[in-house]
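Novice: Below: sequence and its predicted model.
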Amino acid sequence: MRIVFATDLSDANEAAIRSRTCLDCLENIGVTEVHLVTVVPDNVSTGLPGMDVASNRHEALRTQREVVESAGFTVETHVARGTPHRRINGFAERLDADMIVIGSRGQSPLEARLIGSTARNVARTTVRPLLIERIAAEDSTHSVVKEHLFQDVLFATDFSGNAGRAFDFIPRLHGATQRATLLHVRSREQRAAGESKATASDRLADLADELETTMGIDVSTAVRSGGVVDEILTMEAEVGATVTVLGSRGQSRLRRLLLGSTSESVVARGHNNVLLVPPESSTPR
């Protein structure tokens, strides 16, 4: 499996790359090849005396490359100039990556822990499955929020085609996943349309049987009613999920493949790692 690991060379991203447990999780799902990508934004000047931004970034990437190589991965580094999310997605397509990984630091509480602009824009436009890895500040340092990236999976589904595509990706986490919880939240609209709890429970049970058979893991299910995002965030905490898997709902390329409101809100408001799987039209593989 080949991944693009996007880094801005900050202390926060270095914390994600230096976490041996996180690297072990990637190895356990079959990742063998890592492409470290950093992008110099167009608004960063290279004309200052004695300043070569690209060379400086290549040098800074060397340390991160050595860490990942020491964990047994084949590593290549890439420095590009342009709009970060476009270049990251471009690398993912050109390299035929199986997944993109990007670190996310929460902002101030007043901003509802909105993720950084690059992570947010990659999430909105991703062309490959995207793992948003949460990073938190601890005193003057940073650390990953949950090191066991894929150990406890929470999969939230509305039974749409996009959710089905995300479900189909879960078996690729085999080797790192021990438990999974399948959640369906009956929204007000679904309840008004006559969706019964029994029907939803039966559909989740069928999905659980499939995962138990293909992955050999413990799978539980839950059907809830209420606000979809609130229930997903509550369930994350209740089951101790280390990653929440969601399908992202693209509109069109001209509208930048905006996430569905549920996915975007979970990414923005949550504290958990999130794995977003884009629509099939966004992922030509």
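Specialist: Noted; the coordinates are in hand.

Novice: what are the ranges of the strands in the stretch 151-285 of the chain?
Specialist: 152-156, 179-186, 218-225, 243-247, 273-277 (DSSP state E, counting those that start in this stretch).

Novice: Dump those strands into TSV; add mean pLDDT as well.
Specialist: Formatted as TSV, the strands of the stretch 151-285 of the chain follow (pLDDT from 0 to 100):
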stretch	mean pLDDT
strand 152-156	97
strand 179-186	95
strand 218-225	96
strand 243-247	95
strand 273-277	94
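
Novice: And the ones you listed: which comes nearest residue 57?
Specialist: Closest approach to residue 57 among the strands of the stretch 151-285 of the chain (CB to CB): strand 273-277, 25.9 Å. Every C-beta, even on glycine, is put in place using the N, C-alpha and C of the backbone.

Novice: Off-centre distance for the closest one?
Specialist: Mean-position distance between strand 273-277 and its chain equals 3 Å (CA atoms, centre = their mean, to the nearest Å).

Novice: Which strands and helices lie in contact with it?
Specialist: For strand 273-277, the elements it packs on are strand 130-138, helix 161-169, strand 243-247, helix 261-269, judged by 3 or more CB pairs under 8 Å, 6 or more residues apart in numbering; DSSP states H and E.

Novice: Parallel or antiparallel, list what pairs with it.
Specialist: Counting by DSSP bridges, the strands paired with strand 273-277 are strand 130-138 (antiparallel), strand 243-247 (parallel).

Novice: Could I get the contacting residues of the closest residue to residue 228 other than its chain neighbours?
Specialist: Spatial nearest neighbour of residue 228, excluding adjacent residues (CB to CB, 6 or more residues apart in numbering): residue 185 at 4.5 Å. Residue 185 sits next to 156, 158, 223, 224, 225, 226, 227, 228, 231, 232 when contact means CB atoms under 8 Å, 6 or more residues apart in numbering.

Novice: so who does the third one touch?
Specialist: Contact analysis of residue 223 by CB under 8 Å, 6+ apart lists 183, 184, 185, 186, 197, 200, 201, 204.

Novice: how many neighbours does the fifth one have?
Specialist: Think residue 197. Counted with other CB atoms under 10 Å, the neighbours of residue 197 add up to 13.

Novice: starting at the chain centroid, how far to stretch 225-234?
Specialist: The chain centre lies 19 Å from the centre of stretch 225-234; the measure is CA atoms, centre = their mean.

Novice: now for the helix or strand of the chain with the lowest mean pLDDT, which elements pack on it?
Specialist: Using mean pLDDT, DSSP states H and E, helix 188-192 stands out as the lowest-scoring helix or strand of the chain, at a mean of 72. On a contact count with 3+ CB pairs under 8 Å, 6+ apart, helix 188-192 meets no helix or strand.

Novice: Thanks again, I'm all set now.
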